[in-house]
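Novice: Coordinates for the following, if possible.
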Amino acid sequence: MICLATVRDALLPAFARTIRPPSAGDLNHILIFQPDHLGDIVLSEPAVRLLRERLPEARLTAVVGPWSARIARLAWPVDDVVEVDFPGFNRIAGRASFSAPYRQIERDALRLRELGAGRAVILRDDAWWAAALARASVSGDVIE
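Specialist: Numbers count the residues shown, from 1 in each chain. Next up is the predicted model:
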């Protein structure tokens, strides 16, 4: 029996090569990805506050699930909050097709590119989908 995670991990390098980041973006605008739920937003608050403290002129945009948007708006010192329905973190959604998360990256990246951000920070080390979305959304560095 083949494990879907094994297949996914084998295909990710090829998929990553198909992602074309935008050609330009404001390096002073940073997307902060946190796909998790309430507790992780609260636990991430010191990291976001440190970013704000160290980069006071930066425009910080939180990219969180709709399940965390309200607490992110209250707890994080960011300029904007953008909601993304992160596959694997949505506790309500039914079982999607194997390819649905990959197609969703393209749709969400188009929306995030409109923000014109140049850099991204991902606050979860194993969020492969968030990392792929970040790489497709910003022109510069992605810190994982």
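Novice: Where do the strands of the chain begin and end?
Specialist: For the chain, strands defined by DSSP state E occupy the ranges 26-34, 59-64, 80-83, 117-122, 142-143.
Novice: Out of these, which gets the lowest mean score?
Specialist: The stretch with the lowest mean pLDDT among these is strand 142-143, at a mean of 90.
Novice: can I get the strands of the chain in CSV with distance to Gln104 and mean neighbour count?
Specialist: Every C-beta, even on glycine, is put in place using the N, C-alpha and C of the backbone. Output for these, formatted as CSV (distance: least, Cβ to Cβ, whole Å; neighbours: other Cβ atoms under 10 Å):
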stretch, distance to Gln104, mean neighbour count
strand 26-34, 14, 21
strand 59-64, 13, 24
strand 80-83, 13, 16
strand 117-122, 17, 23
strand 142-143, 18, 16
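Novice: is it possible to export those strands to CSV including distance to Val7?
Specialist: Converted to CSV, the strands of the chain look like this (distance: least, Cβ to Cβ, whole Å):
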stretch, distance to Val7
strand 26-34, 24
strand 59-64, 27
strand 80-83, 29
strand 117-122, 23
strand 142-143, 24
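Novice: Arg70 is nearest to which of these?
Specialist: strand 80-83 (8.7 Å; Cβ to Cβ).
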